[in-house]
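Undergrad: the following block contains a protein sequence and its predicted model.
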Amino acid sequence: MNFVYYILIGAVAGWLSGKIIRGSGFGALGNIIVGILGGIIGGWLFSKLGVSSGGGIAGSLFTSVIGAVILVYLLKFLGKK
């Protein structure tokens, strides 16, 4: 069941990060990939900063969205060069 949560949270986080940075999502598969990578980045970053997201689905979503926004911003920045 955890795999389904990763997919759902990844899809929502990817879609939200696309809305925040680009104004649109990345498509279903793109949203999932961006969201899952965002969760990894956000989890790593929060652990390095000593910050807790609070746990649960809301905390996982928050962490994934923050990580996904950072990922999309970096990819957008690197793409302009």
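TA: Cool, the structure landed. Residues are numbered from 1 along each chain as shown.
Undergrad: tell me which element Val65 falls in.
TA: If you go by DSSP states H and E, Val65 is part of helix 56-79.
Undergrad: how close does Ser17 sit to Ile40?
TA: Distance of Ser17 to Ile40, computed by C-beta to C-beta, to the nearest Å: 13 Å. Where you see a C-beta, it was placed from the backbone N, CA and C, and this is true even at glycine.
Undergrad: so those two - more neighbours on which side?
TA: Ser17 (26 against 14; other C-beta atoms under 10 Å).
Undergrad: contact partners for the closest residue to the more buried one other than its chain neighbours?
TA: By the measure of C-beta to C-beta, 6 or more residues apart in numbering, the closest residue to Ser17 outside its immediate chain neighbours is Ala68, 3.6 Å from it. Under the criterion of C-beta atoms under 8 Å, 6 or more residues apart in numbering, the contact partners of Ala68 comprise 13-14, 16-17, 34-35, 37-39, 41-42.
Undergrad: in the helix holding Val65, which residues are buried?
TA: Buried residues in helix 56-79, counted by 16 or more other C-beta atoms under 10 Å: 60-72.
Undergrad: pick the one among those closest to Gly23.
TA: Minimum distance to Gly23 across the buried residues of helix 56-79 is 11.5 Å, recorded for Val72 (C-beta to C-beta).
Undergrad: count of residues packed around the residue lying closest to the closest one once chain neighbours are set aside?
TA: Leaving aside its chain neighbours, Val72 sits nearest to Ile21 (4.5 Å; criterion: C-beta to C-beta, 6+ apart). The number of residues packed near Ile21 is 16, by other C-beta under 10 Å.
Undergrad: need phi/psi at Ile21.
TA: For Ile21, the backbone dihedrals (degrees, to the nearest 10) come out as phi -90, psi -50.
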